[in-house]
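Colleague: requesting a structural model of the entry that follows:
(2 chains)
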There are 2 protein chains.
Amino acid sequence: MSIRENTVQGFKASAVAAGLKKDKSLDLALIFSERESAAAGVFTNNKVKAAPVIISREHVLNGSARAIVANAGNANACTGKTGLDDARRTTGLLAEQLGIQPDEVLVASTGVIGEPLNINAISGAVPSLVKALSPDGMLLAARAIMTTDSFPKMSYFYGRAGGQPYRILGISKGAGMIMPNMATMLSFILTDIRVDSRDLKRALLSSVETTFNRITVDGDTSTNDMVLVMANGMAGNRALSEAGYRDFKKGLETVMGELAHMMVRDGEGATKLITIEIKGALSSSDAIKAARTVANSCLVKTAFYGKDPNWGRIMAALGRADIEMKEESVDIWVDDVQIVAGGLGKGAEAEKRAAEIMAGEEFTLTIDLHLGDYQDRIITCDLTHEYVTINADYRT
Amino acid sequence: MSIRENTVQGFKASAVAAGLKKDKSLDLALIFSERESAAAGVFTNNKVKAAPVIISREHVLNGSARAIVANAGNANACTGKTGLDDARRTTGLLAEQLGIQPDEVLVASTGVIGEPLNINAISGAVPSLVKALSPDGMLLAARAIMTTDSFPKMSYFYGRAGGQPYRILGISKGAGMIMPNMATMLSFILTDIRVDSRDLKRALLSSVETTFNRITVDGDTSTNDMVLVMANGMAGNRALSEAGYRDFKKGLETVMGELAHMMVRDGEGATKLITIEIKGALSSSDAIKAARTVANSCLVKTAFYGKDPNWGRIMAALGRADIEMKEESVDIWVDDVQIVAGGLGKGAEAEKRAAEIMAGEEFTLTIDLHLGDYQDRIITCDLTHEYVTINADYRT
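Modeller: All right, here's what the predicted structure looks like:
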């Protein structure tokens, strides 16, 4: 990634170590737009919502924003009125230092639930955070929001709208709890395209649906999920045509899709990335239910880890997925190797070839139910010893 | 357990090694009633049903049976028409040797899915299986149906009906895939009480609901689940009064409850048994949904393993359980130590005491939603390194 690919004109970012993470690494990130930006957000549908989720949802309602402040190390969730006060105070501190209004600041948190936020640490770090703002600070910001992530996640897209070049730059974090409608994941997307806030919101919702809402690590959903997008219009394009809008949406989808892939690849303890592709479902809801049930089955995920084309577990998962299915109609492939035809195994040779494919880092499991025309897909990972180690030790 | 507690008058059992398990241990079990017995069964609700499930459901429809034959090492599931033929052939072989009708024989299988049953091995073993029948053979039968189980599971109840003593003796297997409506679990219950087959079925359904359907190991449901009960009437009691029926149902529930406990305790890789107790739910469906979601959360289960009273993960699970809840109304206890009050943590001292309790092998997590009068419970276990090891290696 060249330096140019870390920047979008008009945006600056920074990160500092405020002391919220135990290992004293970067834990506080700031993104700032030089001018007013259209903004939109998607937030967790967990009924237990972290304080920053509540505040940011409020602040983004008017469709514009200037800054995003995000911390790792503490989720500021299940912290009651104090948590809300702390989140508001954070936006206030930033607004003061940046010379903008508090409701122009969006706030996000990730980390341990149920512990009070160290607001003094944040308040002490804000001046140096603002001072460190730089056009190529996004990679540092991506590092600062990491929790159990093993690498920072960034994706870039370059497009044209009515002849004018524009950029989309996104970062994200989130290694566990990815599903069903986004889980401990934060993603911040910046673009210099000129787009009105309603179109921005529309493009965001649609792109989230096909990317972040199609991945899973362990079936858990977090209290803190948030995808925020800001568009400052500095590309100078005219109002988007319908074709221009579609191109932009495709660009947004590309960036989010890449980030989503990286998040699953970095799934807690994951060694493999598996696409569960459902075909021939009788309804769209059957297609996604089938994909999710297979993608979240502990038995299927441990079989992936063991490179075992254990299709019986896949059939059992389909059978309890609460979908229309006929055992004798099911075909299953690992990449291009068919292991099940009409509900029956294709034998040892096919399984041997499938096991060889499964030894790799990425493959597709295709399931054709042969009942209808609906299809869907979910990207998942395997369930490993390392997942258990990470999650049994997370707080200690 | 004394020898008397291994027997119910009029029933015999046996087990042999037919060569279906790779380690050549006991894998074929037979239970035989000297006289006609009332019989009832509950079967998996997975849409992919193993051949023996289909055949046994058919055979038990008339409310009576004489024998149960069960094998481990092969599930005879996803085996198509051949599988059905093999299951029928098994009942036929036994019927011939026992001098009864094929539809008086119930059949069950557990093991790997999708591989053809070695019917020759079974057919070769049937004569010695029948020959080995003995009044105290039930413990051997319990051993023969084990797969990844680490110990045989047996429970005994002694009661009186209208002054006449009767016994209930149950065995079961099933260490993984326990949930949501019974999963690779087999359980066979014998009693000498005299009860008509409609009451037997009624008592079975109600007892399954409060016992086997209230446990979970990993949220997967098997293609082979089956609970069968036979009552031969040799206790000589008169027709059951309503009080007598209630007592019998309580006995059945006691036996099944003990077996269910043993199954979770022996959950694949489990080191702890945890009861998730939900109180104050707004509806009965909310109560069970909340209990199941917490009990099946990978993040909660790994925290149990790590002895970590990580209540934030519990709150997050409740928040995505699709139930009515108010974050600020939730109270949570580990045994008698309250760790959450009104949605907020009770602090480090309480968590330290909770962690000490969680270091033990059994505890109760009580969650009061404070919204209504409904309650329910699920018994679950922790998610451990050993679970991953067992399931990544199962077929290899």
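
Colleague: partner residues bridging the residue lying closest to residue A:284 once chain neighbours are set aside?
Modeller: Closest residue to residue A:284 apart from its sequence neighbours, by CB to CB, 6 or more residues apart in numbering or on different chains: residue A:374 at 4.8 Å. In this view, the C-beta of every residue, glycine as well, is placed from N, C-alpha and C. Counting by DSSP bridges, residue A:374 is bridged to residue A:281.

Colleague: and residue A:374, how many neighbours does it have?
Modeller: 18 (other CB atoms under 10 Å in any protein chain shown).

Colleague: which residues are in contact with it?
Modeller: By CB atoms under 8 Å, 6 or more residues apart in numbering or on different chains, the residues touching residue A:374 are A:280, A:281, A:282, A:283, A:284, A:286, A:287.

Colleague: max pairwise distance over those residues: which two?
Modeller: A:280 and A:284 (12.2 Å; CB to CB).

Colleague: which residues in chain A form strands?
Modeller: Remark: strands assigned in chain A by DSSP state E are A:11-16, A:28-43, A:64-74, A:105-112, A:153-161, A:164-173, A:186-191, A:226-231, A:273-281, A:331-334, A:337-341, A:344-345, A:362-368, A:374-381.

Colleague: dump those into TSV; add mean pLDDT as well.
Modeller: Converted to TSV, these look like this (pLDDT from 0 to 100):
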stretch	mean pLDDT
strand A:11-16	98
strand A:28-43	97
strand A:64-74	96
strand A:105-112	94
strand A:153-161	94
strand A:164-173	96
strand A:186-191	97
strand A:226-231	96
strand A:273-281	96
strand A:331-334	98
strand A:337-341	97
strand A:344-345	94
strand A:362-368	97
strand A:374-381	92
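
Colleague: how about those, which one is nearest residue A:246?
Modeller: Nearest to residue A:246 among the strands of chain A is strand A:153-161; the distance by CB to CB comes to 10.7 Å.

Colleague: re earlier: who's more crowded, residue A:280 and residue A:284?
Modeller: Under the criterion of other CB under 10 Å, the comparison of residue A:280 against residue A:284 puts residue A:280 first, with 20 against 13.

Colleague: that one contacts residue A:368, correct?
Modeller: Yes: applying CB atoms under 8 Å, one finds residue A:280 in contact with residue A:368, separated by 4.6 Å.

Colleague: and the pLDDT at whatever residue of the stretch 1-150 of chain A ends up closest to chain B?
Modeller: Residue of the stretch 1-150 of chain A nearest chain B, by CB to the nearest CB: residue A:113 (2.4 Å). pLDDT, residue A:113: 85.

Colleague: can you tell me the closest non-neighbouring residue to it?
Modeller: residue B:312 (2.4 Å).

Colleague: low-confidence stretches in the stretch 201-350 of chain A?
Modeller: The model of the stretch 201-350 of chain A has pLDDT under 70 over residues A:217-221.

Colleague: residues in contact with the residue in it positioned nearest to chain B?
Modeller: Using CB to the nearest CB, the closest approach of the stretch 201-350 of chain A to chain B is made by residue A:312 at 2.4 Å. For residue A:312, the contact set (CB under 8 Å, 6+ apart) comprises B:75, B:77, B:78, B:112, B:113, B:114, B:223.

Colleague: one more pass at 7 Å, please.
Modeller: Residue A:312 sits next to B:77, B:78, B:112, B:113, B:114 when contact means CB atoms under 7 Å, 6 or more residues apart in numbering or on different chains.

Colleague: buried residues, the longest helix anywhere in chain A. List them.
Modeller: Secondary structure of chain A per DSSP state H: the longest helix is helix A:242-265. Residues A:244-245, A:247-249, A:251-265 are the ones in helix A:242-265 that count as buried (16 or more other CB atoms under 10 Å in any protein chain shown).

Colleague: and if you look at stretch A:20-37?
Modeller: Across stretch A:20-37, burial judged by 16+ other CB under 10 Å covers A:20, A:21, A:26, A:27, A:28, A:29, A:30, A:31, A:32, A:33, A:37.

Colleague: likewise for stretch A:142-154?
Modeller: Quick answer for stretch A:142-154 (16+ other CB under 10 Å): A:142, A:143, A:144, A:145, A:146, A:147, A:148, A:149, A:152, A:153, A:154.

Colleague: one more: stretch A:186-198?
Modeller: With burial defined by 16+ other CB under 10 Å, the residues of stretch A:186-198 counted as buried are A:186, A:187, A:188, A:189, A:190, A:191, A:192, A:193, A:194, A:195, A:197.

Colleague: from the chain's centroid, how far away is it?
Modeller: Counting by CA atoms, centre = their mean, to the nearest Å, stretch A:186-198 is centred 16 Å from the centre of its parent chain.

Colleague: near chain B, which residues of the stretch 1-150 of chain A are found?
Modeller: A:46, A:47, A:48, A:77, A:78, A:80, A:112, A:113, A:114 (CB under 7 Å from any CB of the partner chain).

Colleague: could you export the longest helix of chain A as PDB, CA atoms only?
Modeller: Provided in PDB are the C-alpha atoms of helix A:242-265 (Å, rounded to 0.1, in the frame of the first residue of the first chain):
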ATOM      1  CA  GLU A 242     -27.900   7.100 -10.700                       C
ATOM      2  CA  ALA A 243     -25.000   5.400 -12.400                       C
ATOM      3  CA  GLY A 244     -22.600   7.400 -10.300                       C
ATOM      4  CA  TYR A 245     -24.400   6.400  -7.200                       C
ATOM      5  CA  ARG A 246     -24.300   2.700  -8.200                       C
ATOM      6  CA  ASP A 247     -20.500   3.000  -8.800                       C
ATOM      7  CA  PHE A 248     -20.000   4.600  -5.400                       C
ATOM      8  CA  LYS A 249     -22.100   1.900  -3.700                       C
ATOM      9  CA  LYS A 250     -20.000  -0.700  -5.500                       C
ATOM     10  CA  GLY A 251     -16.800   1.000  -4.200                       C
ATOM     11  CA  LEU A 252     -18.200   1.100  -0.700                       C
ATOM     12  CA  GLU A 253     -19.100  -2.500  -1.000                       C
ATOM     13  CA  THR A 254     -15.600  -3.400  -2.200                       C
ATOM     14  CA  VAL A 255     -13.900  -1.600   0.700                       C
ATOM     15  CA  MET A 256     -16.300  -3.100   3.300                       C
ATOM     16  CA  GLY A 257     -16.100  -6.600   1.700                       C
ATOM     17  CA  GLU A 258     -12.300  -6.500   2.000                       C
ATOM     18  CA  LEU A 259     -12.500  -5.400   5.600                       C
ATOM     19  CA  ALA A 260     -15.100  -8.100   6.300                       C
ATOM     20  CA  HIS A 261     -12.800 -10.700   4.800                       C
ATOM     21  CA  MET A 262      -9.900  -9.500   6.900                       C
ATOM     22  CA  MET A 263     -12.000  -9.600  10.000                       C
ATOM     23  CA  VAL A 264     -12.900 -13.300   9.500                       C
ATOM     24  CA  ARG A 265      -9.400 -14.200   8.500                       C
END
